[in-house]
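Asker: Model the structure of this input:
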Amino acid sequence: MGVMNEYGGQCLMGFRGLRRRKQVDSENLNINHGHQQLAKRLNVLDLVGIGVGTTIGAGVYILIGTVAREQTGPALPIAFLIAGIAAALSAICYTELSCRCPSAGSAYHYSYICIGEGVAWIIGWGLTLEYAIGASVVARGVSPNLALYFGGEGNLPVFLARHTVFGIVVDPCAAALVIIATILLCTGIKESTLAQTIVTSINVCALLFVIVAGGYLAFKNGWVGYELSNGYLPFGINGVLGGSATVFFSYIGFDSVTATAEEVKNPKKDLPLGIGISLSLSCILYMILSFIIVGLVPYYDLDKDTPISSAFSVYGVEWAAFIVSTGAVMALLASLMGSLLPQSRILMAMARDGLLPSFFSVIDKRTQVPVKGTIAVGFLAAVIAFCMDVDELAGMVSVGTLLAFTSVALSVLVIRYIPPIEVHPLASAGESSSSSGGHGQNMQGADEAVVKDPFISLGDDCRGLILKRDPCHGASVDQETNLGNNNTTGGSDFKCIGVIVFTSSASAAFLPSSSRIILCGIGGAIFLAGTAGLVFIGQDDAAGVFGHTGGFICPFVPYLPAAYAYEGTDFNFTFGSIGTWIRVSVWLLLGALLYLFYGRTHSLLLEASYVPITHTEDIYSP
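Answerer: Here you go, the predicted structure:
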């Protein structure tokens with residue numbers, strides 16, 4: 001993991017390579033290894049179509065029944081509101097990073113810039129599995145919804161019905177839906193987004209029908225669902241909070257919007273609007289829909305599998321089930337496309353950085369999308385949907401999502417307190433980096449001998465690092481850490497330690513109550529101390545000009561990112577079962593082996609030389 005200078009010097013051993021950070025975005029991809037950029041063809045409406053289509057999946061047609069019956073009762077709209085606010089906290093962090101660093105890769109890309117290669121690899125590898133399983137779970141839900149048009153699952157055509165082969169339940173319909181979504185994504189970003197917007201519009205129209213017709217029936221019959229002897233909160237406040245944690249994952253579709261940042265025409269303006277509008281519309285639709293459904297019939301009479309259809313059936317409106325099923329099928333297709341789209345972009349970003357084979361980074365000249373990577377992603381998802389029991393794997397989706405959300409919150413803190421400062425690639429001497437916001441330094445007068453023989457002696461007083469990639473490849477030089485605010489890393493470290501101690505002890509049911517309370521107190525104190533330390537230290541002056549400036553800025557820093565870092569870690573420790581964590585650990589172990597034997601040795605930062613920041617003026621002096 002270290003680098004040995006060809007002229008002799010000290011070798012960087014151990015885990016230093018895991019902390020390597022790359023430049024802000026992919027503006028110089030045509031210089032660096034000849035990578036082609038994705039086409040910038042998306043506007044606000046396209047982003048809203050992607051966000052709403054991915055967020056309002058078919059789960060809403062099923063989820064409201066289970067949550068209302070078991071956790072919230074008539075207070076289901078409040079649970080959706082709380083979950084929406086929690087999702088907004090993460091969306092705000094994502095929005096700032098997507099404006100400052102508008103390139104493909106989403107949470108992986110931000111982590112690589114702000115935290116380091118090791119964390120970025122974990123996030124990217126985890127998201128790869130998350131999206132593959134998420135797409136497979138969505139595809140597996142199409143057969144029960146299509147069955148209504150044929151009079152039941154037993155009447156489905158042979159090529160669509162599920163079959164048991166050697167004890168495995170195969171689902172050809174699910175695999176076919178994944179293939180259709182993959183073909184649409186390969187046609188081009190504008191074309192696939194248009195198709196997703198049309199499908200999403202049909203789904204929204206079905207939901208609007210449910211809201212209007214259901215509201216009329218509920219008003220006509222006196223909102224019988226709210227006439228309960230045990231009150232509006234039959235399961236108490238804890239039930240509502242538990243329900244909000246369950247429905248929280250209904251809002252994570254905005255991540256697909258940030259994954260398309262490189263393909264947006266005006267990311268500084270369009271990304272904040274696209275994320276904000278899609279998340280707001282989804283929250284409003286969720287709340288109104290849940291308010292109507294739990295008002296039609298008492299919550300305990302809702303069917304867990306078909307809550308909306310069963311609610312209409314009580315009033316003799318069986319034909320409404322066809323409209324509901326149509327909306328569910330359209331929601332499945334839109335959500336499936338929203339899951340496959342970011343996965344191919346994340347793999348492309350990892351391949352661009354050298355951590356995966358270049359196969360995934362090839363951009364088709366005609367469609368200007370990573371066709372090969374999209375096909376590979378679609379094939380993997382189709383295989384999983386066809387022959388695997390995705391119910392046992394579904395929990396891994398939430399773990400991967402929350403790990404990504406936590407890393408994004410921490411990345412905002414890094415940008416504000418210890419922002420990397422960038423210098424333009426050597427291959428474009430004489431130009432300053434547009435992404436450095438004025439921190440780039442002119443390399444035109446750099447001494448070739450000095451560049452070829454950079455400083456490598458690393459003393460204890462080394463506070464900052466300079467990364468120099470192979471100039472033959474036109475790679476960049478990154479000034480990794482500010483000299484002035486190096487002590488701010490302590491605040492971030494304390495926050496992370498405090499969050500982990502607090503959440504792990506709170507969820508450790510095997511510990512005595514007294515021990516859990518003490519550990520929670522210690523973890524909470526460490527967390528608050530880290531947050532207070534950041535407040536008193538103050539943000540770095542370079543934060544305001546880091547990356548692409550002029551876009552959305554996350555407010556209430558460090559409080560808001562700190563709150564979400566805590567929330568994401570808390571969900572991970574509290575709601576991840578032992579079986580889920582075992583499966584996640586196995587996947588991450590496989591990823592670690594792949595990184596050790598391939599990614600580590602092919603990383604574009606492998607040939608980086610590290611020098612004390614105090615010597616950088618010697619490099620740039622003529």
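
Asker: Just give me the residue right at the centre of the chain.
Answerer: The centroid of the chain falls nearest to residue 255 when counting by C-alpha atoms, centre = their mean (4.6 Å).

Asker: Now it: closest residue in space that isn't a chain neighbour?
Answerer: Counting by C-beta to C-beta, 6 or more residues apart in numbering, residue 106 is the residue found nearest to residue 255 once chain neighbours are left out, at 6.0 Å. Heads up, the C-betas are built off the backbone N, CA and C, glycines and all.

Asker: For that neighbour, the count of nearby residues, please.
Answerer: 28 (other C-beta atoms under 10 Å).

Asker: in terms of contact, does it touch residue 344 like I think?
Answerer: No: applying C-beta atoms under 8 Å as the test, residue 106 and residue 344 come out as separate, 11.7 Å apart.

Asker: hmm, back to that, now do the same contact list for the residue nearest to residue 255.
Answerer: Contacts for residue 106 were tallied using C-beta atoms under 8 Å, 6 or more residues apart in numbering; they are 94, 98, 127, 255, 258, 259, 261, 342, 345, 346, 404.

Asker: before we move on, the earlier item: and the helix or strand harbouring the residue nearest to the centre of the chain, C-alpha only, in PDB?
Answerer: Counting by DSSP states H and E, the element that carries residue 255 is helix 254-259. C-alpha atoms of helix 254-259 as PDB (Å, rounded to 0.1, in the frame of the first residue of the first chain):
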ATOM      1  CA  PHE A 254     -32.800  10.700  -4.300                       C
ATOM      2  CA  ASP A 255     -29.500   8.900  -4.400                       C
ATOM      3  CA  SER A 256     -30.200   8.000  -8.000                       C
ATOM      4  CA  VAL A 257     -30.400  11.700  -8.800                       C
ATOM      5  CA  THR A 258     -27.000  12.400  -7.400                       C
ATOM      6  CA  ALA A 259     -25.500   9.500  -9.300                       C
END
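
Asker: Relative to the whole chain's centre, how far out is that helix?
Answerer: Centroid displacement of helix 254-259 relative to its chain, using C-alpha atoms, centre = their mean, to the nearest Å, is 7 Å.

Asker: Kindly report the same for stretch 265-279.
Answerer: Worked out by C-alpha atoms, centre = their mean, stretch 265-279 lies 16 Å from the chain centre.

Asker: Over to stretch 198-208?
Answerer: Distance of stretch 198-208 from the chain centroid (C-alpha atoms, centre = their mean) equals 24 Å.

Asker: Need the contact partners of it.
Answerer: With C-beta under 8 Å, 6+ apart as the test, stretch 198-208 has contacts from 49, 52-53, 56, 60, 285, 289, 323-324, 326-328, 330-331, 333-334, 337.

Asker: Give me the buried entries from the residues you listed.
Answerer: When the contacts of stretch 198-208 are checked for burial by 16 or more other C-beta atoms under 10 Å, the buried set is 49, 52-53, 56, 60, 285, 289, 323-324, 326-328, 330-331, 333-334, 337.

Asker: Narrow the contacts of stretch 198-208 to those in helices?
Answerer: Among those, the members found in helices (DSSP state H) are 49, 52-53, 60, 285, 289, 323-324, 326-328, 330-331, 333-334, 337.

Asker: Pick the one among those residues closest to residue 74.
Answerer: Nearest to residue 74 among those: residue 289, at 13.8 Å, using C-beta to C-beta.

Asker: my guess is that closest one meets residue 65, correct?
Answerer: No: judged on C-beta under 8 Å, residue 289 makes no contact with residue 65 at a distance of 11.8 Å.

Asker: Which residue, neighbours along the chain excluded, lies closest to residue 94?
Answerer: Computed as C-beta to C-beta, 6+ apart, the closest residue to residue 94 that is not its neighbour in sequence is residue 258, at 5.0 Å.

Asker: Surely the one you found touches residue 98?
Answerer: Yes: in this structure, residue 258 is within contact of residue 98 by C-beta under 8 Å, at 4.4 Å.

Asker: and for those two, which residues touch both?
Answerer: Common contacts of residue 258 and residue 98 (C-beta under 8 Å, 6+ apart): 106, 271, 275.

Asker: list the contacts for the last one?
Answerer: If you count contacts by C-beta under 8 Å, 6+ apart, residue 275 has them with 47, 51, 91, 94, 95, 98, 254, 257, 258.

Asker: distance of the fourth one from residue 350?
Answerer: Just to be clear, that refers to residue 94. 19 Å (C-beta to C-beta, to the nearest Å).

Asker: Equivalent analysis for the first one, please.
Answerer: In this view, residue 47 and residue 350 are 23 Å apart by C-beta to C-beta.

Asker: burial count for the residue nearest to residue 94?
Answerer: 31.

Asker: One more: residue 353?
Answerer: 26.

Asker: CA atoms only: put stretch 48-64 into CSV for me.
Answerer: Provided in CSV are the C-alpha atoms of stretch 48-64 (Å, rounded to 0.1, in the frame of the first residue of the first chain):
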residue,chain,number,x,y,z
VAL,A,48,-37.6,14.9,-10.9
GLY,A,49,-38.7,11.9,-13.0
ILE,A,50,-35.7,9.9,-11.9
GLY,A,51,-36.1,10.8,-8.2
VAL,A,52,-39.9,10.3,-8.0
GLY,A,53,-39.8,7.2,-10.1
THR,A,54,-37.1,5.6,-7.9
THR,A,55,-38.6,6.8,-4.6
ILE,A,56,-42.3,5.9,-5.1
GLY,A,57,-41.8,2.2,-5.7
ALA,A,58,-44.3,-0.6,-5.5
GLY,A,59,-43.5,-0.9,-1.8
VAL,A,60,-46.0,1.8,-1.0
TYR,A,61,-48.7,-0.4,-2.3
ILE,A,62,-47.8,-3.0,0.3
LEU,A,63,-45.8,-1.2,3.0
ILE,A,64,-48.6,0.9,4.4
